[in-house]
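Novice: Sharing a model that was predicted from the sequence below.
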Amino acid sequence: MLGFAPMPLIDDFLIQYELGQAVLLLFVLSLPVGYVRKSWKITGINAIMFGILFIIVPSLGGGEVHYAFLGIVLLVIGPMLYISGDR
C-alpha cells in the first residue's frame, strides 16, 4: 500500500466548495502568467478560455448564475485584450 496518498486530502478540502469557486480560483491564479510575460495576448486568451468555462459551469450544476455573467464579461473583455496586445 501507499504510505501517503494526497488525493483524499485534496478531495476533502475541495468538497467544501462549488465547482464555480474552484474555477474562479484557477482563473485568479492564472492571471499573473500574462503579467510576468508582459503579454496582453496571453491574458486575452486566458480570459476567453475561462469565459467559456464560466458559461459552461452553471449548466454542469457546479455554480450559480453569476458565474455565467462573469463568463459573458470575460468573453467581451478577452478579445479586446487580445487585439490590443503587442505580443
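Specialist: Sure, I can see it.

Novice: And for Ser39, the neighbour number?
Specialist: 17 (other CB atoms under 10 Å). Using the backbone N, CA and C atoms, a C-beta is placed for each residue, glycine as well.

Novice: Likewise for Glu18?
Specialist: 16.

Novice: same deal with Ile45?
Specialist: When counting by other CB under 10 Å, one arrives at 17 neighbours for Ile45.

Novice: Same question for Met7.
Specialist: For Met7, the count of nearby residues is 7 (other CB under 10 Å).

Novice: What's the first helix or strand after the helix or strand encompassing it?
Specialist: Using DSSP states H and E, Met7 maps to helix 6-14. Note on helix 6-14: by DSSP H and E, the next helix or strand toward the C-terminus is helix 19-36.

Novice: what separates that next one from the chain centre, distance-wise?
Specialist: Relative to its parent chain, helix 19-36 has a centroid offset of 5 Å by CA atoms, centre = their mean, to the nearest Å.

Novice: which residues are contacting stretch 13-33?
Specialist: By CB atoms under 8 Å, 6 or more residues apart in numbering, the surrounding residues in contact with stretch 13-33 are 42-43, 46, 50, 53-54, 57-58, 60-64, 67, 70.

Novice: Send me it as PDB with only the CA atoms.
Specialist: Below are the C-alpha coordinates for stretch 13-33, written out as PDB (Å, rounded to 0.1, in the frame of the first residue of the first chain):
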ATOM      1  CA  PHE A  13     -10.500  20.200   1.000                       C
ATOM      2  CA  LEU A  14     -12.400  20.800  -2.300                       C
ATOM      3  CA  ILE A  15     -15.600  19.100  -1.200                       C
ATOM      4  CA  GLN A  16     -16.500  22.300   0.700                       C
ATOM      5  CA  TYR A  17     -16.500  24.400  -2.400                       C
ATOM      6  CA  GLU A  18     -18.600  24.600  -5.600                       C
ATOM      7  CA  LEU A  19     -17.100  23.900  -9.000                       C
ATOM      8  CA  GLY A  20     -17.500  27.600  -9.900                       C
ATOM      9  CA  GLN A  21     -15.400  28.700  -6.900                       C
ATOM     10  CA  ALA A  22     -12.700  26.300  -7.800                       C
ATOM     11  CA  VAL A  23     -12.600  27.500 -11.400                       C
ATOM     12  CA  LEU A  24     -12.600  31.100 -10.200                       C
ATOM     13  CA  LEU A  25      -9.500  30.300  -8.000                       C
ATOM     14  CA  LEU A  26      -7.800  28.800 -11.100                       C
ATOM     15  CA  PHE A  27      -8.600  31.900 -13.100                       C
ATOM     16  CA  VAL A  28      -7.100  34.200 -10.400                       C
ATOM     17  CA  LEU A  29      -4.000  32.000 -10.100                       C
ATOM     18  CA  SER A  30      -3.500  32.000 -13.900                       C
ATOM     19  CA  LEU A  31      -3.700  35.800 -14.300                       C
ATOM     20  CA  PRO A  32      -0.100  36.500 -13.200                       C
ATOM     21  CA  VAL A  33       1.200  34.500 -16.200                       C
END
